[in-house]
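Undergrad: sequence unknown, structure follows:
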């Protein structure tokens, strides 16, 4: 039987079982007695069934380090994951042993991070930490169960509702040195072209930076390096998108001859230069160009065509970009209705 008693910060559980000559000790602290009782029952069952690893002295830091060395290098976001796991290993949660990790530790880590960064950032870190625990449970057998399943993840932030204005587009492209009738021989001018191309196609900065000439035809641009199956897609090109591509010098395999860091850096510098005249321009992100493009395309494409073109699998997400008012929709409906004459219908109808 487990020992459950009142503790300064909640209820402490202590378990001791000897199975086939091997002693298993577990302890944890929970905020409620119900949580303590539930954890004790599950842990005892796992010990008896042999689901608990014999080496229980490993810590969350040990788990994160192994994940960083073995799992993260297989992903495109390796650099980001390494930075995040390094940061997590400096948090108090990293010192907790896997035999005692529970919902209270995860909740404390979540609340600590929310004091420092946004809920959106915590959600991204949450996904990383959750995946590390999943691998530890399913593949490494370091844990009998996932300690994050019963903890509430921070709610998703409201979708951004910021679009580029025509004046902001004109100002940024001017600062970047882009002109429709000039050669694009500088990095900054090609960043200006990349911004206009993003506003036409809804392609992300990474998609644009990786776009090569062999991926472009007279009608589409193929995104081959998307993070998901939906992101790897064939993007229909407008006449304006083709005009921008035709303006680019063909001195590199890559259409824009840029890397993502150059797009981000020069876009931010252009905003700073425009800040004095347009303070609100600092609110813009390059990624907001995607919202402009999807909003524009939503007026011309059917919903399934739009989803395929912009690489969004969840149709609910597309509703964020559908910005027409009820009045605009009513005007569009009336284009297909017969005119109202004001005459009454014949009797009997």
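TA: On my side now, so go ahead. Because the structure is predicted, anything quoted here is derived from the model rather than measured.
Undergrad: ok, the closest residue to residue 180 other than its chain neighbours - contacts?
TA: Leaving aside its chain neighbours, residue 180 sits nearest to residue 247 (7.1 Å; criterion: Cβ to Cβ, 6 or more residues apart in numbering). Glycine gets a C-beta too; all of them are placed from N, C-alpha and C. Counting by Cβ atoms under 8 Å, 6 or more residues apart in numbering, residue 247 makes contact with 180, 184, 193.
Undergrad: how deep is the closest residue to residue 312 other than its chain neighbours tucked in, by neighbour count?
TA: Closest residue to residue 312 apart from its sequence neighbours, by Cβ to Cβ, 6+ apart: residue 318 at 5.8 Å. The local packing of residue 318 (other Cβ atoms under 10 Å) involves 18 other residues.
Undergrad: State whether residue 27 is indeed within a strand.
TA: Yes. Judged by DSSP: H, G, I helix; E, B strand; the rest coil, residue 27 forms part of a strand.
Undergrad: Pretty sure it sits against residue 15.
TA: Yes. Counting by Cβ atoms under 8 Å, residue 15 is a contact partner of residue 27 at 7.2 Å.
Undergrad: Just want to know which of these two has more residues nearby.
TA: Each of residue 27 and residue 15 has its neighbours counted (other Cβ under 10 Å); residue 15 has more, 19 against 15.
Undergrad: Need the nearest residue in space to that one, chain neighbours excluded.
TA: In space, residue 15 is closest to residue 26, 4.2 Å off (Cβ to Cβ, 6+ apart).
Undergrad: tell me the pLDDT at the residue nearest to residue 180?
TA: Here the pLDDT value assigned to residue 247 is 93.
Undergrad: now it: how far from residue 297?
TA: 22 Å (Cβ to Cβ, to the nearest Å).
Undergrad: burial of the residue nearest to residue 15, as a residue count?
TA: Neighbour tally, residue 26, other Cβ under 10 Å: 22.
Undergrad: re the thing from before, I'd like to know which elements the helix or strand hosting the residue nearest to residue 312 is packed against.
TA: If you go by DSSP states H and E, residue 318 is part of helix 315-318. In terms of contacts (3 or more Cβ pairs under 8 Å, 6 or more residues apart in numbering; DSSP states H and E), helix 315-318 is packed against helix 303-310.
Undergrad: Residues in contact with the helix it packs on: which ones?
TA: With Cβ under 8 Å, 6+ apart as the test, helix 303-310 has contacts from 202, 230, 233, 235-236, 290, 293-294, 297-298, 301, 313, 315, 318.
Undergrad: From those residues, which land in helices?
TA: The members of those that map onto helices under DSSP state H are 290, 293-294, 297, 315, 318.
Undergrad: re earlier: from the contacts of residue 247, which land in helices?
TA: Counting by DSSP H, these place residue 193 in helices.
Undergrad: CSV for the contacts of residue 247, including pLDDT?
TA: Output for those, formatted as CSV (pLDDT from 0 to 100):
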residue, pLDDT
180, 88
184, 89
193, 95
